[in-house]
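>>> Sequence first, then the predicted structure:
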Amino acid sequence: MKRLFPLILALLVMLTGCVALKPEPGNAEADAASAATQSRYRENEITEYQGARLDPAVGPRDNSISGVQHVDIVGYTLIIDGLVDQQTTLSYDQVLALDAYERLITLHCVEGWDASILWKGVLLNDLIALAGAKPEATTVIFTAVDGYTTSLPLATIREKGLILAYGANGLDLPDEMGYPFIVVAEDKLGYKWARWVNRITLSDDASYQGFWESNGYSNEADIPQE
Ligand SMILES: Nc1nc2c(c(=O)[nH]1)N[C@H]1C(S)=C(S)[C@@H](COP(=O)(O)O)O[C@H]1N2
Ligand SMILES: [Mo]
């Protein structure tokens with residue numbers, strides 16, 4: 001047994017050495033995945049912000065209810081209506097003329113993936129203030145060009161200072177991420193992040209249910225804690 005010991009030791013060293021030299025299928029897959037991720041960054045897209053890695057604003061796949069929308073900005077308007085003092089219609093440039101805010105926020109989809117992106121946009125409450133919310137308004141309903149709908153409490157929009165984004169990672173929003181505008185519903189699941197938004201409606205119906213909400217998804221849409 002004593003004589004065997006150095007042999008066993010040598011064998012062990014050889015074996016572990018071999019294992020280390022062998023290309024691991026797991027690593028090869030990870031490399032392929034990161035190459036696919038790399039290829040989704042657009043030219044001049046920022047990939048890092050204050051030491052944090054940013055995900056590409058173009059996701060790996062599209063799950064939209066009617067596919068990616070391509071909005072012609074020339075004819076585009078954003079309508080703010082419902083329980084407001086003055087129904088208001090804004091052009092793309094009129095929205096961009098408001099004060100800008102930049103934030104790194106992660107989008108979490110119910111399917112399990114997430115994307116951390118540097119968003120740039122305007123305060124939803126600044127837009128709402130232009131039309132003037134009536135005191136009885138409790139709920140903000142978002143409608144998009146594909147017919148998609150979702151809603152958020154007006155109080156949440158005000159307390160969190162939620163933004164309507166037109167920029168992602170230093171560039172305009174790509175069509176895939178909702179050009180011209182996406183609701184950055186911080187701390188809420190992906191289905192609250194309405195893309196291609198063209199209507200913001202103030203309502204007193206706190207139990208309003210949008211597209212996925214009326215298909216059984218929670219109206220709170222809180223992100224499950226790990
Ligand atoms: N207009 C519109 N906005 C939308 C959707 C949609 O189908 N249409 N899907 C929502 C969902 S479920 C998610 S997770 C995010 C990201 O969608 P994606 O998975 O297609 O990238 O957009 C949200 N906003
Ligand atoms: Mo989603």
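Yes, it's here. Ligands and ions are numbered 1, 2, ... in the order given.

>>> Identify the residues contacting Ala221.
Residues in contact with Ala221 (C-beta atoms under 8 Å, 6 or more residues apart in numbering) are 185, 188-189, 191-192, 213. Where you see a C-beta, it was placed from the backbone N, CA and C, and this is true even at glycine.

>>> Repeat the analysis, applying 7 Å as the threshold.
Contacts for Ala221 were tallied using C-beta atoms under 7 Å, 6 or more residues apart in numbering; they are 188-189, 191-192.

>>> Residues of the chain that sit close to ligand 1?
Within the chain, the positions adjacent to ligand 1 are 59, 62-65, 109, 144, 146, 148, 190-191, 193-196, 212 by C-beta under 6 Å from any ligand atom.

>>> Filter those down to just the ones in strands.
Of those, the ones assigned to strands by DSSP state E are Ala144.

>>> In the chain, spot the strand with the most residues.
Longest strand in the chain, counting residues (DSSP E): strand 114-123.

>>> buried sites along that strand?
115, 117-123 (16 or more other C-beta atoms under 10 Å).

>>> Contacting ligand 2 as well, which ones from these?
Residues of the buried residues of strand 114-123 in contact with ligand 2 (C-beta under 5 Å from the ion): none.

>>> which among these gets closest to Ile79?
The closest of these to Ile79 turns out to be Val122 (C-beta to C-beta; 15.5 Å).

>>> how close does that closest one get to ligand 1?
Relative to ligand 1, Val122 is positioned 18 Å away (C-beta to the nearest ligand atom, to the nearest Å).

>>> pretty sure that residue contacts Leu164?
Yes: using C-beta atoms under 7 Å, Val122 is in contact with Leu164, at 5.7 Å.

>>> Now for Asn125: which residues touch it?
Contacts for Asn125 (C-beta under 7 Å, 6+ apart) come out as 157-158.

>>> Name the spans of the chain whose pLDDT lies under the cut-off.
Within the chain, the stretches with pLDDT under 70 are 1-30, 226.

>>> per-domain residue ranges of it.
Taking automatic domain parsing as the criterion, the chain consists of the domains 4-34, 47-215.

>>> I appreciate the help and will end here.
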